[in-house]
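Novice: The following comprises the amino acid sequence and a computationally predicted model.
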Amino acid sequence: MTLLGRVDREQVHGPRDHEPQDLRTLQIELPQPSKPGANYVPFVRTGNLVFLTGQLSQWNGERRFIGKLGREFGIAEGQQAARLCALNLIAQLRAALDGDLDRVVRCVRVAGFVNSEPTFLSHSQVINGASDLFVEVFGEAGRHSRMAVGVSALPYDVAVEVEAVFEVR
Amino acid sequence: MTLLGRVDREQVHGPRDHEPQDLRTLQIELPQPSKPGANYVPFVRTGNLVFLTGQLSQWNGERRFIGKLGREFGIAEGQQAARLCALNLIAQLRAALDGDLDRVVRCVRVAGFVNSEPTFLSHSQVINGASDLFVEVFGEAGRHSRMAVGVSALPYDVAVEVEAVFEVR
Amino acid sequence: MTLLGRVDREQVHGPRDHEPQDLRTLQIELPQPSKPGANYVPFVRTGNLVFLTGQLSQWNGERRFIGKLGREFGIAEGQQAARLCALNLIAQLRAALDGDLDRVVRCVRVAGFVNSEPTFLSHSQVINGASDLFVEVFGEAGRHSRMAVGVSALPYDVAVEVEAVFEVR
């Protein structure tokens, strides 16, 4: 199937279920994917899986949402922070796929870490900010297995960190 | 091999090492697998791996063991909570395999998150409640790689969350 | 390719990029890989992936760096603790590969959990202690996707726990 061009593929298989929406149509802008400053990389592909490095809530390298859920931030702001993490994950994924997000088969796993007070209990709702974006961009193929927990601290005191695994072609 | 019925398979390969025990024989009852209320799914299969969404300590959707290890709960209760998470994981896995747990090749990875006071240090013993169940049900095939950590909070203040990856046929 | 000896392999493919350095040349000594005392195992291989159990900062089973970052320990000590975790991961990986680390294709994912005060924010720098070792031993093949978070407690109050996935041949 990798030998078929896109037109041929659609002739053979009909329209694909998992066609990602054009990011421009969705009016979604991706940040510049950040480059790690240490001995790790933003993504590793092994077989059909791409493991993405955990992304912080930042835009073009400038950290946003500095502080804790249940203290500085409420659920709505946490969701924005999680969405920002997911935008960075998609930016890294696009780089991993040489710019072609059509090669995404599906989102496999999302792990969300919420920088939160022990009294804050809405980690699931916060990480929905990331989950919703994946479905907005990839449709049904954006649905994933997931875990969400609260942690006592995140690097640079950002509010949210999200890690993900995608299956690609 | 997927074309062979069970009898034929045993004739060809001999009795399988990893035959899961019949849950009824083990007197193990599984909860109803919960349906996520957001943009994620309980499991994703990619290749021969099934990634399962992190399960909370609950029974048929009713949360149990609300509170922290080292405060409301001791090790024994934490183990029951972890076992409950594992029962939910098996329930989701059974749904992923169309009801046929015989298709489990092995448990690959278990990640245990314990809602605990900073002074509580027995996370490994707590997560044994999940590990023991996997071996009870799947025998040697239930042994897995594992990580266990303490976190400052979990969704809805449940005591334990456990995530898992299985290899299936 | 598995039928080829090392010399033949180099004749066919040229010198490999990812040849791990000889540990003796690097003057790196590995600890004895620990044996889990419960119903889990140090590693699981599935397909070409090896999932390694999260390793604590210890040497030959004797726990080291007991305490929290931001209280008992600073960044430099945390990096030594993370390096110790990584040495244990490599020891387990070597056991998984029957002693032959040449069979490592690459490090896929590293997850670092730092036992830290809520005020400590340098988790990335601490986990560099593990990342740097993987690159020291495996060269470019040691670079990995990564996540790093702070947690309120780790088993036995060790300072760092690191989990990893490798691709092998």
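Specialist: Nice, I can see it. A quick note: this is a predicted structure, and the numbers were derived from the prediction, not measured.
Novice: Quickly find the element holding the residue positioned nearest the centre of chain A.
Specialist: Nearest to the geometric centre of chain A sits residue A:86, at 2.9 Å (CA atoms, centre = their mean). For residue A:86, the host element (DSSP states H and E) is helix A:75-96.
Novice: Say whether chain C is contacted by the longest strand seen in chain A.
Specialist: Using DSSP state E to define each element, chain A has its longest strand at strand A:104-115. Yes - Strand A:104-115 lies within reach of chain C by CB under 8 Å from any CB of the partner chain, at A:111, A:113. Any C-beta I mention is one placed from the backbone N, CA and C, and that applies to glycine too.
Novice: For stretch A:134-141, buried residues please.
Specialist: Judged by neighbour count (16 or more other CB atoms under 10 Å in any protein chain shown), stretch A:134-141 contains these buried residues: A:134-139, A:141.
Novice: Report the mean per-residue pLDDT for it.
Specialist: For stretch A:134-141, mean pLDDT is 97.
Novice: For the residue nearest to the centre of chain A, which non-adjacent residue is closest in space?
Specialist: Nearest residue to residue A:86 in three dimensions, chain neighbours excluded: residue A:130, at 3.9 Å (CB to CB, 6 or more residues apart in numbering or on different chains).
Novice: I'd like to know how many residues surround that neighbour.
Specialist: Neighbours of residue A:130 under the rule other CB atoms under 10 Å in any protein chain shown: 30.
Novice: same check, this time on residue A:37
Specialist: 9.
Novice: And chain C, is stretch A:39-56 touching that?
Specialist: Yes - Stretch A:39-56 reaches chain C (CB under 8 Å from any CB) through A:39-44, A:46-47, A:51-54.
Novice: what's the span of that stretch, first residue to last?
Specialist: 17 Å (CA to CA, to the nearest Å).
Novice: Distance from that stretch to the middle of the chain?
Specialist: 12 Å (CA atoms, centre = their mean, to the nearest Å).
Novice: Does that stretch reach chain B?
Specialist: Yes - using CB under 8 Å from any CB, we find that stretch A:39-56 touches chain B at A:47-49.
Novice: which regions of chain A sit below the pLDDT cut-off?
Specialist: For chain A, applying pLDDT under 70 flags the ranges A:1-21.
Novice: switch the cut-off to 90
Specialist: Scanning chain A with the threshold set as pLDDT under 90 gives A:1-22, A:24-25, A:37.
Novice: Does anything pack onto the longest strand of chain A? Which helices or strands?
Specialist: Applying 3 or more CB pairs under 8 Å, 6 or more residues apart in numbering or on different chains; DSSP states H and E, we find strand A:104-115 packed against strand A:49-56, helix A:75-96, helix A:123-138, strand A:145-151, strand A:160-168, strand B:43-46, strand C:145-151.
Novice: send the alpha carbons of it over as CSV?
Specialist: Extracted in CSV, the C-alpha atoms of strand A:104-115 (Å, rounded to 0.1, in the frame of the first residue of the first chain):
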residue,chain,number,x,y,z
VAL,A,104,-0.6,8.8,11.3
VAL,A,105,-2.5,5.6,11.7
ARG,A,106,-3.6,6.4,15.2
CYS,A,107,-2.8,7.7,18.6
VAL,A,108,-1.9,4.8,20.8
ARG,A,109,-1.2,6.1,24.3
VAL,A,110,-1.3,9.4,26.1
ALA,A,111,0.3,9.9,29.5
GLY,A,112,-0.6,13.1,31.4
PHE,A,113,1.2,14.5,34.4
VAL,A,114,-0.5,17.3,36.2
ASN,A,115,1.5,19.6,38.5
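Novice: So in that sheet, which strands flank that strand, and in what orientation?
Specialist: strand A:145-151 (parallel), strand A:160-168 (antiparallel) (DSSP bridges).
Novice: Out of the ones you listed, indicate the one that is most buried.
Specialist: Per-stretch averages of neighbours, counted by mean count of other CB atoms under 10 Å in any protein chain shown, single out strand A:145-151 among those, with a mean of 28.
Novice: what about that strand, distance to the chain center?
Specialist: Per CA atoms, centre = their mean, the displacement of strand A:145-151 from the mean C-alpha position of its chain is 14 Å.
Novice: and chain A, which of its residues are near chain B?
Specialist: Residues of chain A lying near chain B (CB under 8 Å from any CB): A:47-49, A:105-110, A:116-124, A:128, A:131-132, A:134-135, A:142-152, A:165, A:167.
Novice: Now the buried members of the residues of stretch A:39-56 next to chain B.
Specialist: Burial by neighbour count, 16+ other CB under 10 Å: within those this picks out residue A:49.
Novice: number of nearby residues for residue A:99?
Specialist: 9.
Novice: Select, out of the strands paired with strand A:104-115, the one closest to residue C:61.
Specialist: Checking the strands paired with strand A:104-115 against residue C:61 by CB to CB gives strand A:145-151 as the closest, at 27.8 Å.
Novice: In PDB, could you pull the C-alpha coordinates for the closest one?
Specialist: The C-alpha coordinates for strand A:145-151 follow below in PDB (Å, rounded to 0.1, in the frame of the first residue of the first chain):
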ATOM      1  CA  SER A 145      -5.500   4.700  25.800                       C
ATOM      2  CA  ARG A 146      -4.600   7.100  28.500                       C
ATOM      3  CA  MET A 147      -3.300   7.600  32.000                       C
ATOM      4  CA  ALA A 148      -3.500  10.800  34.100                       C
ATOM      5  CA  VAL A 149      -2.000  11.400  37.500                       C
ATOM      6  CA  GLY A 150      -1.100  14.300  39.800                       C
ATOM      7  CA  VAL A 151       2.500  14.900  40.600                       C
END
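Novice: ok and that strand relative to helix B:75-96, angle-wise?
Specialist: Counting by axes from the mean of the first three to the mean of the last three CA atoms, to 10 degrees, strand A:145-151 points 160 degrees away from the direction of helix B:75-96.
Novice: quick one, what contacts residue A:57?
Specialist: Contact analysis of residue A:57 by CB atoms under 8 Å, 6 or more residues apart in numbering or on different chains lists A:63-65, A:81-82, A:84-85, A:158-161.
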